[in-house]
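K.L.:
after the sequence you'll find the predicted model.
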Amino acid sequence: DDDTNCFWMKKCTIPLDIIFIEGLTITKIHHDCPPCKSKKDEDCENYCGRGRLILEIRGGSAEELKIKKGDEIKLLV
């Protein structure tokens, strides 16, 4: 209800940038989230943020592309 979402990196094979988007604005970016190698879910770090849309891209890409919190996005349909 509050549009807060959390993710962990269990079974992920590469680091990811996790981008949270509310409306058309980037509200949070977690950079270079490493894969979680733990066998227990509770041992994996959670990456949380507020947004109805979440974009996951290769770790480090947000910095390379100069994507930052507060940027506006454009959706093409």
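P.N.:
It's in.
K.L.:
residue closest to the middle of the protein?
P.N.:
The centroid of the chain falls nearest to I18 when counting by C-alpha atoms, centre = their mean (1.4 Å).
K.L.:
name the nearest residue to that residue, ignoring sequence neighbours.
P.N.:
Distance criterion C-beta to C-beta, 6 or more residues apart in numbering; nearest residue to I18, sequence neighbours excluded, is H30 at 4.5 Å. Heads up, the C-betas are built off the backbone N, CA and C, glycines and all.
K.L.:
and the helix or strand containing the one you found, what's buried?
P.N.:
Assigned by DSSP states H and E, H30 belongs to strand 25-33. Across strand 25-33, burial judged by 16 or more other C-beta atoms under 10 Å covers I26, T27, K28, I29, H30, H31, C33.
K.L.:
same question for stretch 59-75.
P.N.:
When neighbours are counted by 16+ other C-beta under 10 Å, the buried residues of stretch 59-75 are found to be G59, A62, I67.
K.L.:
can you give me the pLDDT of the residue nearest to I18?
P.N.:
Note on H30: pLDDT of 98.
K.L.:
was I right to think it contacts G51?
P.N.:
No. In this structure H30 lies outside contact range of G51 using C-beta atoms under 8 Å: 11.7 Å.
K.L.:
which pLDDT does the model give the residue nearest to the centre of the chain?
P.N.:
97.
K.L.:
and D17, what are its bridge partners?
P.N.:
With DSSP bridges as the criterion, D17 is bridged to I57.
K.L.:
shaky segments in the chain?
P.N.:
Along the chain, the model assigns pLDDT under 70 to residues 1-2.
K.L.:
hmm, back to that, specify which member of the buried residues of strand 25-33 is nearest to C12.
P.N.:
Here the nearest of the buried residues of strand 25-33 to C12, counting by C-beta to C-beta, is C33; it sits at 8.0 Å.
K.L.:
now do the same contact list for that closest one.
P.N.:
Residues in contact with C33 (C-beta atoms under 8 Å, 6 or more residues apart in numbering) are F7, M9, P15, L16, D17, I18, E45, Y47, G59.
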